[in-house]
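Engineer: Show me the folded form of this:
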Amino acid sequence: MGVGNQIKNFGNKLVLPLFFVSALMTLFIALYVNAQMENYEAMVVEMTENHMISAVQALVNLTNADELDLIHTRDDMNRPEYLKLREKLIKFSEDNNVLFAYYYRSIGNNQFEYIIDNDLDQETRVKPGDIESFHDAAEYDALAGIIGVTDLGSYSPDWEGLLSAYAPVFDGNGNVYCIAGVDISDDFILMQRSNARNMTIFQLIVIPISIIFALLNMLLYRRKAIQIEEAHRQLQYFNNNLRRAFSTYLSEDVVEEIVSDPTRLQLGGINRNMTALFTDIKGFTRIAEVLNPGQLVDLLNYYLSTMSDIILDQKGTIDKYQGDAIISFFGAPLELEDHALRACITAITMKRLEKKLNKYVLENKLSPTPLFTRIGINSGEMIVGNMGTQKKMNYTIISNAVNLASRIEGVNKQYGTGVLATENTIKDTQGKLLVRKLDRIRVVGINEPVRIYEIIDIKADASRARRDRIDIFTEAYGLFESRKWMDAELIFNKLLEQFPDDKPSLLYQVRCRKFQKTPPDPNWDGVFNLSEK
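Structural biologist: Numbering: from 1, shown residues only. Okay, here's the model as predicted:
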């Protein structure tokens, strides 16, 4: 037999095994593609749900219970507060890519009354006091104080093409006052589901054809590979955007930990014990008045960059900037057992750096006067989550404990202090800080009184003279709380002889003299009610 015939026979014997091997490879490829399509569909559903949760959480932050409590009847539609809130809702729906945004409150008997919405259609717009019945499990979740979302896994397109999410709006006492709701179109999720179903049907046709026509395997494989590559590219694009979004307000090491273990990051709202830190520059409005826009931008960029680096170094998260103010928190997205201590060390570091910062600011004529930062800190249960839209996210916090931290920052004005924290925070710092106890106070909008402390320094770093000074103050304050006004005044007088700029000592000296002349009511509980934010 010639060599040519031998090669021909060998080729004929090889065709059948290659045919089956090729067909088997096609089967595995088709199954793999199908799994990829299912994963992609699940990702679309998850992204849609995250967008809804983010949007409704952002809606909660748009207003508060006090403003909503001004609207009850149709007559209130002429109030300027109603009209202003309507404008905010309309802009909110445009910025967050939602069809409808609205608020309503429960009136019992499984019914609720609308407060306000963003509907531009006069015929379909809800009126204050319009009554409807609860019908969605997600609404009951919101009434219970947690975020509720319609079931994206089993919904039907017959639901008028809308998907909804609801979140509680808390009042000053931490109770659910009403519900915020958003509706979005389900066009995107329906389109993706349709594409996934079409792909599955296509594969069921491809598999038998591939087995019969093995010669088409490479072409079909190439087509599937391109589709898989495109799906992977879209997923990678989403992950890159997520990385960029978080890198703007998380330290680099925290971002890397999240990327290496995505289960640490839970998009949406979760309840967690954390610490919030608010900062503000004393008299910044007056400073801004004498600067031109360019100078103001230069000052803020330098100040905010310097202070933000301190927060990030302690693994804190930048929530947002509001003018010269920084809102930040510690304990999310990564859980930190020592979140309270880290927040306090951040505040101490900020105050330590203030002298160096002001030297640079004044030498470079960034500000006409030195900058003095006031800081408020509080720890407690907070809802933390990713809010906004898929294109623009804001990882933020909401709760009564967050509001209290904001109020505590403002209390510095009345005590002449730089850093104040609540007892909730101080008790979680393991005695590592040098602090001085101040009043029990009741701040605006929060009925429960809290004990406040001025944070002085890290105890291990404080000098003996500084610790002795705080000990003397603590002795005088103990006499003040015992209503021994005269004895307390004598010690405060001595402190002010040595430290005439000590504002808390001056405050208590004045109070001692006042109470000696006009003692407080015997039934007074010792709580000072503050009327300013």
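Engineer: In contact with the closest residue to residue 98 other than its chain neighbours: list those residues for me.
Structural biologist: Excluding the flanking residues, the one nearest residue 98 by CB to CB, 6 or more residues apart in numbering is residue 182, at 4.6 Å. Using the backbone N, CA and C atoms, a C-beta is placed for each residue, glycine as well. By CB atoms under 8 Å, 6 or more residues apart in numbering, the residues touching residue 182 are 52, 55-56, 59, 96, 98, 100-102, 164-165.
Engineer: Among these, name the ones in strands.
Structural biologist: 100-102, 164-165 (DSSP state E).
Engineer: Below-threshold pLDDT in the stretch 401-533 of the chain: ranges please.
Structural biologist: Along the stretch 401-533 of the chain, segments meeting pLDDT under 70 span 533.
Engineer: where along it do the strands fall?
Structural biologist: 419-422, 433-442, 450-458, 527-529 (DSSP state E, counting those that start in this stretch).
Engineer: Convert the C-alpha atoms of the second one to PDB, please.
Structural biologist: What follows is the C-alpha trace of strand 433-442 in PDB, where atoms were taken according to Å, rounded to 0.1, in the frame of the first residue of the first chain:
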ATOM      1  CA  LEU A 433      -8.000  59.300  76.100                       C
ATOM      2  CA  LEU A 434      -7.600  62.300  78.400                       C
ATOM      3  CA  VAL A 435     -11.000  63.900  78.600                       C
ATOM      4  CA  ARG A 436     -13.000  66.200  80.800                       C
ATOM      5  CA  LYS A 437     -16.600  65.600  81.700                       C
ATOM      6  CA  LEU A 438     -19.000  68.400  80.900                       C
ATOM      7  CA  ASP A 439     -22.800  68.800  81.200                       C
ATOM      8  CA  ARG A 440     -25.700  66.500  80.500                       C
ATOM      9  CA  ILE A 441     -27.500  68.400  77.700                       C
ATOM     10  CA  ARG A 442     -30.600  68.100  75.500                       C
END
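Engineer: how far out from the middle of the chain is it?
Structural biologist: 27 Å (CA atoms, centre = their mean, to the nearest Å).
Engineer: by how many degrees do that strand and strand 450-458 diverge?
Structural biologist: Angle, strand 433-442 to strand 450-458, by axes from the mean of the first three to the mean of the last three CA atoms, to 10 degrees: 160 degrees.
Engineer: Sort out which residues of strand 433-442 are buried, please.
Structural biologist: 433-439, 441-442 (16 or more other CB atoms under 10 Å).
Engineer: was I right about residue 513 contacting residue 489?
Structural biologist: Yes - in this structure residue 513 lies within contact range of residue 489 using CB atoms under 8 Å: 6.4 Å.
Engineer: Compare the two (neighbour count), which wins?
Structural biologist: Remark: of residue 513 and residue 489, residue 489 carries more neighbours, 21 against 14, as counted by other CB atoms under 10 Å.
Engineer: so what's the more buried one up against?
Structural biologist: 509, 512-513, 516.
Engineer: got TSV for those, with distance to residue 528 too?
Structural biologist: Supplementary listing: the contacts of residue 489 in TSV, determined by distance: CB to CB, whole Å:
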residue	distance to residue 528
509	16
512	14
513	16
516	18
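Engineer: Show me which of those residues are buried.
Structural biologist: The buried subset of those - by 16+ other CB under 10 Å - is 509, 512.
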